[in-house]
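**Student:** Any chance you could fold what I've pasted below:
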Amino acid sequence: MHDINKRQKKLLELLLESQDFKPVKYYAKLLEVSVRTLYKDLNQLENLLPQKVAVLEKIPRRGVFLESHLAFHEVLKQVLPKDIMLNQSPFFRQITIARQLLVETKTITYQELSEKFLVSKTSISNDIEQIQQVTKNSKIEIYSDHNGTKVVGKETDIQKAMKDYVYFIVSRIDNTSNFRMQFPLEVDYFLMENRVIQQVLDIVQDDHSSTINQLSDNYFQSLVLSISVLLIRVQQDFHIEKKNYLLSENIASLSTYFLAKDLVERLQLLENIALNRNDFDYLNKQLIAHGLEPNLEELGVKVRYENIVKEIILEMSKSLKIDLTDDEKLFTNILYHLLSMIYRLKMDMPVKNPLLEEIKNNYSILYSTTWFVLSKFETKLSIQFNEDEIAFLAIHFQGAVDRSSESHRILLVCPTGIGTSELIANRLKKVLFPHDTLEIVSIRTLYQSDLSKVDMIISSVNLERLTTPVVQVSPLMNREDLKKVLSIYLELFYDETESPLNLRFDHLSSIVDHRLIFLNEKYATKKDCIEKMAKELSALKAVTPSFSEAVWQREKIGVTDLPTGVAIPHPPADVVTESKLVIMTLDKPIRWHSRLVRTILMICIAEKDFSRVKGILSDIYKIVESEKNIEGLFFSKTKPEIINALGGKECD
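**Tutor:** Modelled structure (predicted):
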């Protein structure tokens with residue numbers, strides 16, 4: 001490629017600005033050169049410009065006209081060697097320094113830069129001060145010692161600094177390109193002229209599974225830039241550091257999990273791109289932050305499943321006793337997830353839910369309700385759900401519940417250990433309401449997190465510098481602590497309510513049957529226990545002949561033993577004709593799945609009773625949330641005492 005000088009660059013700019021033919025003398029006068037010199041410059045440009053980029057037309061007595069559909073900087077990119085641009089422009093000198101510091105993370109010296117650009121060290125110092133000023137909001141530090149000058153900071157902060165500097169570049173350019181088509185020349189240079197940038201643009205623009213192309217220009221540009229910066233750094237083996245997020249933030253990120261997964265799979269086809277788990281989480285949260293949602297317009301098969309999704313939402317509304325049928329976002333999320341899930345399950349391509357255990361522990365009632373309701377649709381959809389997919393779907397419903405009710409987010413801080421945390425959490429659940437979310441966090445995570453959406457903090461240690469209401473309790477969470485928590489809770493959120501301090505069961509009376517209570521049994525295996533329960537249920541004509549097989553199938557696809565030493569097998573509704581609760585205690589613990597259990601509660605709910613699922617499960621989880629509850633209700637007790645405690649009546 002031939003050189004292009006400053007005058008020829010200016011001529012190119014003037015030609016592109018012109019809307020019509022102008023005489024050669026016109027340009028010669030503007031540039032203060034002879035007509036002969038200007039003709040030489042025109043010939044040089046004509047030789048450098050590819051026909052697809054621009055065409056120089058010369059017509060006698062009319063003059064010259066440069067026809068191009070591209071902006072000045074896009075044309076310039078095709079003809080201008082970078083080194084010449086750097087020598088001509090202090091701005092490009094600064095971009096080069098910023099590139100070495102931020103993009104390449106190099107250690108530089110004032111002496112080397114001064115010699116390279118033939119300027120004083122003071123000029124270099126001024127450039128670095130400007131870079132520091134532009135990136136001051138990113139928390140990085142430009143640090144100098146006897147070895148040189150370098151950037152110090154977390155990877156997320158460095159990437160934010162890179163984005164900030166790109167926007168600074170854009171603000172200095174006269175004719176900026178549209179990021180939907182192509183990065184401006186100066187931005188492209190700053191980001192190391194990496195072909196990944198254009199490939200990201202191509203992938204993003206070709207994405208029809210999400211609303212990415214419906215984003216405003218600002219959001220689109222920001223997202224493309226975030227992804228490009230991430231991949232450029234990953235190519236150099238720099239990765240996002242592990243960050244402790246609140247559980248609610250992680251669970252919220254599951255709404256775009258499959259959008260992110262699909263995008264990452266396409267991005268990783270690019271050369272030298274290998275994102276790790278932290279990089280994936282960061283990219284996923286970028287999608288959420290930029291407002292991405294599933295796009296169903298391109299999915300022609302959606303019509304086949306719209307009515308099924310409406311049925312699912314209606315059944316969940318009945319079970320949860322909350323009307324979710326008008327929630328358009330829920331409808332879209334469930335439909336989008338259902339379509340991709342059916343494909344995965346039929347093609348035997350299981351996907352692990354990274355937050356499965358957290359969802360089961362923190363949203364246990366909703367998780368089980370979702371499984372009960374969805375099992376009704378397995379035959380209609382010709383699939384069999386697994387616990388990972390159920391957990392994904394449960395989160396969509398949790399989001400809808402949050403949107404439709406006055407739920408509260410409460411954090412529990414307890415640095416003395418998991419056992420103490422679980423003890424306090426179990427006791428707190430007795431005074432919190434069903435829609436509230438309780439999350440256990442460390443002090444470090446607490447102070448690193450955005451608490452703007454947290455309603456209340458309960459802590460066993462003194463906390464400072466917090467604006468969110470804090471209730472300090474003892475590590476053992478005694479009765480007085482519960483009263484204090486409830487008092488402040490009511491003061492913050494309610495004018496008047498009834499305290500649920502006493503363990504009470506309002507929904508089990510209709511499914512408790514003295515004929516299905518088996519105490520201190522001597523069974524040694526899970527199989528023996530299930531066979532006994534199935535036999536007794538069949539004798540009462542409460543289940544269909546295929547009941548046992550259905551129970552075993554459900555056990556294969558989902559863990560039903562809990563840390564408190566209880567198993568809660570729950571067969572699908574289509575094999576249950578009469579809702580029943582089977583209670584069995586064992587003389588010695590047996591291994592169920594991964595844990596030892598001594599109590600089995602088999603929950604059988606028929607389709608006709610789906611409207612009572614949430615209440616029944618809520619009562620069940622009051623029992624199984626602590627070993628003390630299980631021990632107090634079922635051990636050293638008679639059948640009449642158990643039935644009475646669960647709100648039932650003894651039959652003759």
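**Student:** which helices and strands sit right next to the helix or strand containing Thr585?
**Tutor:** In the assignment (DSSP states H and E), Thr585 maps to strand 580-591. Under the contact criterion of 3 or more CB pairs under 8 Å, 6 or more residues apart in numbering; DSSP states H and E, strand 580-591 touches strand 512-521, helix 526-539, strand 596-604. Where you see a C-beta, it was placed from the backbone N, CA and C, and this is true even at glycine.
**Student:** nearest to Ile557, of those?
**Tutor:** helix 526-539 (15.2 Å; CB to CB).
**Student:** Can you point out the buried residues in the closest one?
**Tutor:** Residues of helix 526-539 classed as buried: 526, 529-530, 532-534, 536-537 (neighbour count, 16 or more other CB atoms under 10 Å).
**Student:** relative to strand 512-521, how tilted is it?
**Tutor:** If you take axes from the mean of the first three to the mean of the last three CA atoms, to 10 degrees, helix 526-539 sits at 150 degrees to strand 512-521.
**Student:** How far off centre is the following helix or strand past helix 526-539?
**Tutor:** Downstream of helix 526-539, the first helix or strand assigned by DSSP H and E is helix 547-557. Offset of helix 547-557 from its chain centre (CA atoms, centre = their mean, to the nearest Å): 32 Å.
**Student:** Could you list every helix and strand in contact with the very next helix or strand once past helix 547-557?
**Tutor:** Moving toward the C-terminus from helix 547-557, the next helix or strand (DSSP H and E) is strand 566-567. On a contact count with 3+ CB pairs under 8 Å, 6+ apart, strand 566-567 meets strand 596-604.
**Student:** Just the CA atoms of the strand it packs on, as PDB, please.
**Tutor:** Output in PDB follows, covering the C-alpha atoms of strand 596-604 (Å, rounded to 0.1, in the frame of the first residue of the first chain):
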ATOM      1  CA  LEU A 596     -29.600 -41.300  55.000                       C
ATOM      2  CA  VAL A 597     -33.300 -41.000  55.800                       C
ATOM      3  CA  ARG A 598     -35.500 -42.300  58.600                       C
ATOM      4  CA  THR A 599     -38.800 -40.700  57.600                       C
ATOM      5  CA  ILE A 600     -40.600 -41.000  54.200                       C
ATOM      6  CA  LEU A 601     -43.600 -38.800  53.300                       C
ATOM      7  CA  MET A 602     -45.100 -39.900  50.000                       C
ATOM      8  CA  ILE A 603     -47.200 -37.100  48.600                       C
ATOM      9  CA  CYS A 604     -49.900 -38.300  46.200                       C
END
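**Student:** Could I get the CA-only coordinates of the next helix or strand after it as PDB?
**Tutor:** Using DSSP H and E, the helix or strand that follows strand 596-604 towards the C-terminus is helix 613-624. Only the C-alpha atoms of helix 613-624 are listed here, as PDB (Å, rounded to 0.1, in the frame of the first residue of the first chain):
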ATOM      1  CA  VAL A 613     -51.300 -28.200  45.800                       C
ATOM      2  CA  LYS A 614     -49.600 -25.000  47.200                       C
ATOM      3  CA  GLY A 615     -51.300 -25.300  50.600                       C
ATOM      4  CA  ILE A 616     -50.500 -29.000  50.900                       C
ATOM      5  CA  LEU A 617     -46.900 -28.500  50.000                       C
ATOM      6  CA  SER A 618     -46.600 -25.500  52.300                       C
ATOM      7  CA  ASP A 619     -47.700 -27.700  55.200                       C
ATOM      8  CA  ILE A 620     -45.300 -30.500  54.200                       C
ATOM      9  CA  TYR A 621     -42.400 -28.100  54.100                       C
ATOM     10  CA  LYS A 622     -43.200 -26.800  57.500                       C
ATOM     11  CA  ILE A 623     -42.600 -30.400  58.700                       C
ATOM     12  CA  VAL A 624     -39.500 -31.300  56.700                       C
END
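**Student:** Now do helix 613-624, average pLDDT.
**Tutor:** What helix 613-624 shows for mean pLDDT is 84.
**Student:** From the chain's centroid, how far away is that helix?
**Tutor:** Taking CA atoms, centre = their mean, one finds helix 613-624 lying 29 Å from the centre of the chain it belongs to.
**Student:** Can you name the residues in contact with the helix or strand following it?
**Tutor:** Using DSSP H and E, the helix or strand that follows helix 613-624 in sequence is helix 627-634. By CB atoms under 8 Å, 6 or more residues apart in numbering, the residues outside helix 627-634 that reach it are 503, 519, 564-566, 583, 585, 599, 622-624, 642, 645-646.
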